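S.K.: Quick one: sequence and predicted model below, then my questions.
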Amino acid sequence: MDLHFGDSKPTDEERAAIDTLLGPPESSWEGADRSDADLRWARGGREARERRDLLLPGLHAVHDRIGWISEGALDYLCRRLTVPPADAYGVATFYAMFSVKPRPATVLHVCTDLACAAAGASELCAGVEARLGLGSGVSVERSPCLGLCERAPAALAVKAGDPVRTAVSAPATVERAVLAARSPDSAPEEPPAALAVPQAGDPALMLLGRVGVVDPASLDDYRAHGGYTALRQAFAIGPAGVIREVTDAGLVGRGGAAFPTGRKWQATASQPDHPHYLVCNADESEPGTFKDRVVMEGDPYSLVEAMTIAAYAVGAHKGYLYLRGEYPRALRRMEHAIGQARARGLLGDDVLGQGYAFDIEIRRGAGAYICGEETALFNSIEGYRGEPRSKPPFPVEKGLFGKPTAENNVETLVNVLPILTVGAAAYAAIGTGTGGSTGPKLFCVSGSVDRPGIYELPFGATLGELLELAGVRERLRAVLLGGAAGGFVRPDELDIPLTFEGTRAAGTTLGSGVVLAFDDTVPLPRLLLRIAEFFRDESCGQCVPCRVGTVRQEEALHRIVERTGADAAADITLLREVGRAMKDASICGLGQTAWNAVESAIDRLGAYE
């Protein structure tokens, strides 16, 4: 592909998929079939260029219908949006879920990341490939984390068509995965979201209290269980009052950075430049993380309400929900919830009759861990490669479309509901009440435990208490806190308090709340190698320390694993040097944390002794 349009033409199906999204073309330049065709002029200009943000939805439209993106389809989409083909090709090839080469209409994604690897993902892949074989009409692809860690091992089948069909198999066996791939409509229905919440039904839960109690499809049921009480309270105290309550509650971001939410909202609201935007980051791609999925599947209206409150506080009238491409059921639930809220006057031009206008648009990701970084996410929504931006300026000043933007993840936003219903003081009294660790926290527990799932605990509970709830198995070897970007702790360190300050003092991190337990049957060197492979694959390649460092890290770990029993001292010295360079000089958190888990395994676990 280059900067110029080629001679390739879209098929009728490809054209229909794009026209369904963008509407029929108006000029011959855009591809309209007219007898008076004159390609010397084009209508649209700036108006067409301002639709650049529809590039990712356009790629999804073609990929959903056909199963891959041909040169003719890409060329036609580029004409419609006045995007250079080379530019669009760079975007299409950035995302792991897209293919620009012909492949079968059905793709079976088999997770090979940490929780699934420990649960036998390699054997599952081998069995599925042997059963399906060549010429089966199914492409089997080894995938990073699918966010189904509580039901590992997991597989996701996607069958292109109109409409696209999906089927999740988790926990997957060879037979169930093959059935999902061959006949997605006949595959068994996924278990309810409540099965991922071992505490479901406990009236003391603040964030997960409705999961398994309310019908996730029913707005009336949601309202009958306290829904929209918080939004009414927000309108009663005004935007400044909402920000004050969130600030006094001590709420900090739950995605890992732990930045004070009230400060972020106040900084966004005070910007004179308009419009303001709200972005909900539901692209949880950290291996071992699945809490946002469970909330969206089990209590979708809570996120709609929370986004409305956040937008009201920062003065935004448009919100974007950036949702993982690997979450088909969460997508359906959120689409339904947003549609029902809009139909009932809870979104739109006059929310709850208060004269405030706000609406939400869903944007699907397509398999890129880096898009969990806020500025990479903005670039993805805008139709560019999901590469992080240098800061400053910060998103509260120039974020999405260059305008002031507040970005929060799902868990952070749904915490706003209890803050407004019970009050900031009562919320801040939950947990330790120190530093940035106030309120409840969701933990994603998986691996070598009897009851994997999402647990809601007040900050300050210890790691041992959490693992006792989950039923940790005997012969515990290590616990990974914070996911692939986190760090390992030993079985004799389970008294670590699960707070941002407590984990920091212990030389590890709380991150987004991942707790992965591994017993002594899990080969630790292979696990570390998988972490290194993950970061190599997910690096966007924009900066040298990360682009080169993640490759060198993987190469060194390969050498250590392959020469079992030999002296690994030289490669460990190299790993330390590369790790320091990535941590000090990478643009974003991916490169800065890519060495954390390996370093902790060497220093705390003696992984290669």
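M.R.: Here it is on my side, so go on.
S.K.: Only C-alpha atoms from now on, for both contacts and neighbour counts.
M.R.: Noted.
S.K.: Flag every buried residue along stretch 580-595.
M.R.: Of the residues in stretch 580-595, those buried by neighbour count under the rule 16 or more other C-alpha atoms under 10 Å are 580-583, 586-595.
S.K.: Relative to His60, which of the residues you listed is nearest.
M.R.: Set against His60, the nearest of the buried residues of stretch 580-595 by C-alpha to C-alpha is Leu590 (25.4 Å).
S.K.: Can you name the element that comes right after the helix or strand containing that closest one?
M.R.: Leu590 is part of helix 589-593, with elements assigned from DSSP states H and E. Sequence order places helix 596-605 as the next helix or strand after helix 589-593, per DSSP H and E.
S.K.: Residues touching that following helix, excluding its own?
M.R.: Contacts of helix 596-605 from elsewhere in the structure, counted by C-alpha atoms under 8 Å, 6 or more residues apart in numbering, are 478, 480, 484-490, 528, 531, 576, 607-608.
S.K.: Check pLDDT for those residues and point me to the minimum.
M.R.: Here the lowest pLDDT out of the contacts of helix 596-605 sits on Tyr608, with 83.
S.K.: hang on, isn't that one packed against Pro523?
M.R.: No: the pair Tyr608 / Pro523 is not scored as a contact, 11.2 Å apart, by C-alpha atoms under 8 Å.
S.K.: More neighbours: the two, which one.
M.R.: For Tyr608 versus Pro523, the count of surrounding residues by other C-alpha atoms under 10 Å is larger for Tyr608: 18 against 12.
S.K.: among the helices and strands of this protein, which has the poorest mean pLDDT?
M.R.: Least confident helix or strand, the chain: strand 431-434 with a mean of 62, by mean pLDDT, DSSP states H and E.
S.K.: which strands and helices sit next to the following helix or strand past it?
M.R.: The element immediately downstream of strand 431-434 (helix or strand, assigned by DSSP H and E) is strand 437-438. The helices and strands touching strand 437-438, judged by 3 or more C-alpha pairs under 8 Å, 6 or more residues apart in numbering; DSSP states H and E, are strand 431-434.
S.K.: Count the neighbours of the residue nearest to Val522 when sequence neighbours are not counted for me.
M.R.: Nearest residue to Val522, sequence neighbours excluded (C-alpha to C-alpha, 6 or more residues apart in numbering): Ala118, at 6.2 Å. The local packing of Ala118 (other C-alpha under 10 Å) involves 21 other residues.
S.K.: And the one 5 residues further on, by the same measure?
M.R.: Glu123: 13 surrounding residues under other C-alpha under 10 Å.
S.K.: how near is it to Ala517?
M.R.: 20 Å (C-alpha to C-alpha, to the nearest Å).
S.K.: Could you do Arg332 as well?
M.R.: 31 Å.
S.K.: These two: which is more packed in?
M.R.: Residue environment comparison for Arg332 versus Ala517 gives the larger neighbour count to Ala517, 25 against 14, counting by other C-alpha under 10 Å.
S.K.: Could you report the separation of the more buried one from Ile454?
M.R.: Ala517 sits 14 Å away from Ile454, taking C-alpha to C-alpha as the criterion.
S.K.: Touching both of the two, which residues are there?
M.R.: Counting by C-alpha under 8 Å, 6+ apart, the shared contacts of Ala517 and Ile454 are Val445.
S.K.: Now do the strand or helix carrying Asp248: which elements does it pack against?
M.R.: Asp248 belongs to helix 229-249 when assigned by DSSP H and E. Helices and strands touching helix 229-249, by 3+ C-alpha pairs under 8 Å, 6+ apart, are helix 261-269, helix 300-314, helix 416-422, helix 424-428.
S.K.: Redo those as TSV? Include mean pLDDT.
M.R.: Rendered in TSV, the data for those read as follows (pLDDT from 0 to 100):
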stretch	mean pLDDT
helix 261-269	98
helix 300-314	98
helix 416-422	98
helix 424-428	94
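S.K.: Of these, give the one that comes closest to Pro497.
M.R.: Nearest to Pro497 among the helices and strands packed on helix 229-249 is helix 424-428 (17.3 Å), distances taken as C-alpha to C-alpha.
S.K.: For the stretch 501-609 of the chain, which segments count as strands?
M.R.: 514-519 (DSSP state E, counting those that start in this stretch).
S.K.: if we can go back for a sec, now, among the contacts of helix 596-605, which is nearest to Gly402?
M.R.: The nearest one, if we look at the contacts of helix 596-605 relative to Gly402 and count by C-alpha to C-alpha, is Ala485, at 29.0 Å.
S.K.: How about the closest one, nearest residue that isn't a chain neighbour?
M.R.: The spatial neighbour of Ala485 that comes closest, neighbours along the chain excluded (C-alpha to C-alpha, 6+ apart), is Thr593 at 5.2 Å.
S.K.: try Val91
M.R.: Once flanking residues are discounted, Val91 sits nearest to Arg385: 4.9 Å by C-alpha to C-alpha, 6+ apart.
S.K.: Can you name the residues that contact the one you found?
M.R.: Arg385 makes contact with Gly90, Val91, Phe94, Ala376, Asn379 under the criterion C-alpha under 8 Å, 6+ apart.
S.K.: mind listing which of those are in helices?
M.R.: Secondary structure of the contacts of Arg385 is defined by DSSP state H; positions in helices are Gly90, Val91, Ala376, Asn379.
S.K.: can you tell me which two in the residues you listed are farthest apart?
M.R.: The most widely separated members of the ones in helices among the contacts of Arg385 are Gly90 and Ala376, with 14.6 Å between them, by C-alpha to C-alpha.
S.K.: Show me which of those two is the more surrounded one.
M.R.: Residue environment comparison for Gly90 versus Ala376 gives the larger neighbour count to Ala376, 22 against 13, counting by other C-alpha under 10 Å.
S.K.: And that one, how far from Gly483?
M.R.: Counting by C-alpha to C-alpha, the separation of Ala376 from Gly483 is 20 Å.
S.K.: Likewise for Cys444?
M.R.: Looking at Cys444 against Gly483, where the rule is C-alpha to C-alpha, the gap reads 10 Å.
S.K.: And for His60?
M.R.: With the distance defined as C-alpha to C-alpha, His60 ends up 28 Å from Gly483.
S.K.: And for Glu71?
M.R.: In this structure, Glu71 and Gly483 are separated by 38 Å, where distance is defined by C-alpha to C-alpha.
S.K.: Have a look at those two and say which one is more surrounded.
M.R.: Neighbours around Glu71 and Gly483, counted as other C-alpha under 10 Å, are more numerous at Gly483. The numbers are 26 against 20.
S.K.: pretty sure the more buried one is touching Thr509, no?
M.R.: No: counting by C-alpha under 8 Å, Thr509 is not a contact partner of Gly483; they are 9.5 Å apart.
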